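Trainee: I would like the atomic coordinates for the input below:
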Amino acid sequence: MRAVGNSPNAAVAAARLGLKSGLVSNMGDDQNGKECLEQLNREHVNTDYIKIHEGKPTNYHYVLWYEDERTILIKHETYDYSLPSIGTPRWIYLSSLGESGAPIHSELIKYLKDHPEINFAFQPGTFQISLGYEKLKELYECTKVFFCNAQEAQKILHTEEKNIPRLLAKIKELGPEITVITDGKKGAYLNYEKEVFFMPPYPDSSPPYDRTGAGDAFSSTFVSALALGKNPLEAITWAPINSMSVVQYIGAQEGLLTRKKLERYLKTAPKNYKPEMMI
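Mentor: Prediction:
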């Protein structure tokens with residue numbers, strides 16, 4: 001599966017929903033990298049911001065797949081990371097970086113402070129979570145929308161707390177304006193304007209085939225909906241639909257929907273498919 005990973009998945013999701021998206025990434029000059037670029041171009045993702053490193057291989061991830069669950073084995077290649085000149089997009093969406101990519105965080109923090117008109121969405125990857133909040137404190141404070149799952153929230157907060165509304169409140173205290181915590185097959189929780197909402201999953205059209213990319217589909221669809229003018233309570237109804245679709249296919253991108261198809265699912269949703277305020 002070419003050109004996959006948290007951020008490429010988000011870029012493809014946004015493009016299929018009708019937005020102009022570009023990917024900031026690093027690749028080697030090998031055949032894998034060439035095929036990744038071709039795949040992104042087929043998906044109408046702008047590849048102008050991708051840096052090609054001569055003599056370096058492109059990242060491979062290996063998926064251990066059992067029934068509908070999976071574990072992903074990741075080894076990031078060591079690249080010389082830097083933030084290219086990206087202008088002033090309406091949204092920047094940051095996700096997984098390898099350890100050698102740590103310096104880009106400080107560049108991005110400065111960029112966001114210099115361009116407060118840019119909306120910033122943050123879906124941290126494993127390394128960013130392991131870095132700890134203190135090292136990324138200013139990045140959290142620049143964040144408009146933050147995403148993680150329940151287990152990741154516990155790691156970020158160094159807590160065994162299992163109550164998700166309380167986890168949401170603690171994450172929000174770190175700086176993000178809007179926080180979303182997913183809870184796997186159970187649904188998701190949204191903290192918005194001092195209220196907490198629970199959003200049930202969209203009913204599977206058939207049993208899930210492969211859950212790879214479900215979280216990316218959820219987060220990127222939520223952000224895409226905001227970029228398309230929806231409010232957070234509307235966006236939270238979009239996100240589970242793309243997650244439901246993605247898990248029907250192998251890989252993280254084949255099942256990503258166009259806006260027309262997603263809105264068709266929304267029109268035929270069950271009556272109880274709506275965010276519920278928690279008291």
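
Trainee: show me the contacts for residue 99.
Mentor: 76, 127 (C-beta atoms under 8 Å, 6 or more residues apart in numbering). Using the backbone N, CA and C atoms, a C-beta is placed for each residue, glycine as well.

Trainee: my read: residue 262 touches residue 238, true?
Mentor: Yes - between residue 262 and residue 238 there is a contact at 6.2 Å, judged by C-beta atoms under 8 Å.

Trainee: Report the set of residues contacting both of the two.
Mentor: residue 221.

Trainee: More neighbours: those two, which one.
Mentor: More crowded of residue 262 and residue 238, by other C-beta atoms under 10 Å: residue 238, with 25 against 21.

Trainee: how about the more buried one, what does it touch?
Mentor: Residue 238 touches 221, 222, 224, 225, 230, 262, 266, counting by C-beta under 8 Å, 6+ apart.

Trainee: And these, which of them are buried?
Mentor: The neighbour-count criterion (16 or more other C-beta atoms under 10 Å) marks 221, 222, 224, 225, 262 among those as buried.

Trainee: if I look at the last one, how far off is residue 246?
Mentor: Think residue 262. 12 Å (C-beta to C-beta, to the nearest Å).

Trainee: which one is the most far-flung residue of the chain relative to its centre nearest to, not counting chain neighbours?
Mentor: Distance from the C-alpha centroid of the chain, by C-alpha atoms, centre = their mean, peaks at residue 55 (29.6 Å). Among residues not flanking residue 55 along the chain, residue 29 sits closest, at 7.0 Å (C-beta to C-beta, 6 or more residues apart in numbering).

Trainee: wait, that neighbour sits on residue 51?
Mentor: No - at 10.6 Å, residue 29 and residue 51 do not qualify as touching, with contact defined as C-beta under 8 Å.

Trainee: which residues of the stretch 51-200 of the chain fall in strands?
Mentor: Ranges of strands in the stretch 51-200 of the chain, per DSSP state E, counting those that start in this stretch, are 60-66, 69-75, 91-94, 119-122, 145-149, 178-182, 188-192, 195-199.

Trainee: mean pLDDT lowest for which of those strands?
Mentor: The minimum mean pLDDT among the strands of the stretch 51-200 of the chain belongs to strand 69-75 (a mean of 85).

Trainee: Summarise which helices and strands it is packed against.
Mentor: strand 60-66 (3 or more C-beta pairs under 8 Å, 6 or more residues apart in numbering; DSSP states H and E).

Trainee: What strands flank the strand it packs on, and is each parallel or antiparallel?
Mentor: Here strand 60-66 has these sheet partners by DSSP bridges: strand 69-75 (antiparallel).

Trainee: what's the closest of the buried ones among the contacts of residue 238 to residue 42?
Mentor: Within these, the smallest distance to residue 42 is 18.9 Å, found for residue 224 (C-beta to C-beta).
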